[in-house]
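**Student:** what's the 3D shape of this:
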Amino acid sequence: MDVLIVDDDAVTRLALSAALEEWGFVPILAENGEQALKKLEMDNAPHLLIFDWSMPGMSGPELCKTIRKREDGQFFYILMLTGKEGNEAIIEAMEAGADDFLSKPFDHRVLKVRIAAGSRIVRLEQTLNQLASRDALTQCWNRRMIDELFTNSIAESTRKRSAFSIMVLDIDHFKVVNDTYGHAAGDLALKHVVSILNTNLREYDQVGRYGGEEFVILLPATDENEAWGVAERVRSAIQFQPTVLNDGAKIDLTVSIGIAQFDRSRDINQNTFFERADKALYTAKQSGRNRIICAD
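**Tutor:** Okay, the predicted model is just below:
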């Protein structure tokens, strides 16, 4: 686990780094609050933080308050180090947003157990976030999370002026599967489809279950033609890889897919963009199913 150390004293940074490496952590270093905030904007930013109280510019408590004002919902566990002593210092640190407090010079044994406790809390928070973001049955993203990723992808495409496409996929005649084989078989079929999606999509594509047997796939840096190639690979794989039930019986499945490429000139919001792909899906189903239709 990465740990962000924020301290203007090079000797302290070196001592903390050596101790953390010995305990199996990866130290990330910053000399002041401004550097720390930049590092927390990076992808895969550390979530376990150690701050010094007294630093030039932004103090430790000020840095705590700034981080706690973030609106992105990210969780950070903050341990404050200081030469101050007494209950007033502890109260001030905690009111600023610190989770724990350690006086300097610190006992390495005490630091070790407190860092271990902080890492357990960070891992628990990450596990809870994963559970809240995943579809319980298929383990792909749930609707809330895929909507959030959808919003972020549109923003990134707009910022970079890059292509971005989505696929809306629906399993054909899924009600017949449930009615014929039972809901347990239907659950196996859903998990089978997601497994095929994960195998045939690229590592940077995102899959979310939108409800029932409908899925949304985000395809960053992908135009409509490239999206059609991805969709055809998925459609073909699902058609020719039946779901195998526990008793050995096989269920043949097909899917219908609607595709749309983000068009900044007319997609005034996320809903209008999604509706174009959803209408393409509807056309695919009305045209006989087991096919791909691109919007427009």
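**Student:** Could you use CA atoms for every contact and neighbour count after this?
**Tutor:** Will do.
**Student:** What residues of the one helix or strand residue 195 maps to count as buried?
**Tutor:** Element membership of residue 195, judged by DSSP states H and E, is helix 183-200. If you call a residue buried by 16 or more other CA atoms under 10 Å, then helix 183-200 has these buried ones: 185-186, 188-194, 196-198, 200.
**Student:** what about it, average pLDDT?
**Tutor:** Per-residue pLDDT over helix 183-200 has a mean of 96.
**Student:** cool, and stretch 126-143?
**Tutor:** 88.
**Student:** Touching that stretch from outside, list them.
**Tutor:** 144, 145, 187, 190, 191, 194, 206, 207, 208, 209, 210, 211 (CA atoms under 8 Å, 6 or more residues apart in numbering).
**Student:** Can you tell me the closest non-neighbouring residue to the third one?
**Tutor:** So that's residue 187. Nearest non-adjacent residue to residue 187, counting by CA to CA, 6 or more residues apart in numbering: residue 137, 7.4 Å away.
**Student:** Ramachandran coordinates for that neighbour?
**Tutor:** Main-chain dihedrals, residue 137, degrees, to the nearest 10: phi -80, psi -50.
**Student:** That one: how many residues sit nearby?
**Tutor:** Neighbourhood size, residue 137 [other CA atoms under 10 Å]: 12.
**Student:** and it, how far is that from residue 256?
**Tutor:** Distance, residue 137 to residue 256, by CA to CA, to the nearest Å: 21 Å.
**Student:** try residue 211
**Tutor:** Residue 211 is 15 Å from residue 256, by CA to CA.
**Student:** With neighbour numbers in mind, choose between the two.
**Tutor:** residue 256 (27 against 12).
**Student:** right, and that one touches residue 284 too?
**Tutor:** Yes. Between residue 256 and residue 284 there is a contact under CA atoms under 8 Å: 5.9 Å.
**Student:** what residues are shared contacts of those two?
**Tutor:** 290, 291, 292.
**Student:** Please report the distance of the last one from residue 43.
**Tutor:** With the distance defined as CA to CA, residue 292 ends up 34 Å from residue 43.
**Student:** just residue 151 next, same as before
**Tutor:** From residue 151 over to residue 43 (counting by CA to CA), the distance is 17 Å.
**Student:** out of the two, which sits in the more crowded spot?
**Tutor:** Higher neighbour count among residue 151 and residue 43: residue 151, with 13 against 7, using other CA under 10 Å.
**Student:** what helix or strand is the more buried one on?
**Tutor:** Using DSSP H and E, the element containing residue 151 is helix 143-160.
**Student:** Now the element after that helix, going C-ward?
**Tutor:** strand 164-171.
**Student:** In the sheet, which strands lie alongside that following strand, parallel or antiparallel?
**Tutor:** Looking at strand 164-171 with DSSP bridges, its partner strands are strand 214-220 (antiparallel), strand 255-261 (antiparallel).
**Student:** That strand versus helix 183-200: what angle between them?
**Tutor:** 150 degrees (axes from the mean of the first three to the mean of the last three CA atoms, to 10 degrees).
**Student:** ok, which stretches of this structure are helices?
**Tutor:** Taking DSSP state H, the helices of the chain run over residues 10-22, 33-39, 60-68, 87-96, 108-133, 143-160, 174-181, 183-200, 224-240, 270-286.
**Student:** Which of those sits closest to residue 77?
**Tutor:** Closest of these to residue 77 is helix 108-133, at 6.3 Å (criterion: CA to CA).
**Student:** Can you flag the weakest of the helices of the chain by average pLDDT?
**Tutor:** It's helix 87-96: among those, that one has the lowest mean pLDDT, namely a mean of 86.
**Student:** List the buried residues of that one.
**Tutor:** For helix 87-96, burial by neighbour count (16+ other CA under 10 Å) applies to 89, 90, 93, 94, 96.
**Student:** list the contacts for residue 251?
**Tutor:** So residue 251 contacts 177, 189, 242, 243, 244, 245 (CA under 8 Å, 6+ apart).
**Student:** Settle this for me: the second one is touching residue 246, isn't it.
**Tutor:** No. Counting by CA under 8 Å, residue 189 does not reach residue 246; the two are 11.6 Å apart.
**Student:** rewinding a little: how far does the helix holding residue 151 sit from its chain's centre?
**Tutor:** 11 Å (CA atoms, centre = their mean, to the nearest Å).
**Student:** ditto for stretch 263-270
**Tutor:** 24 Å.
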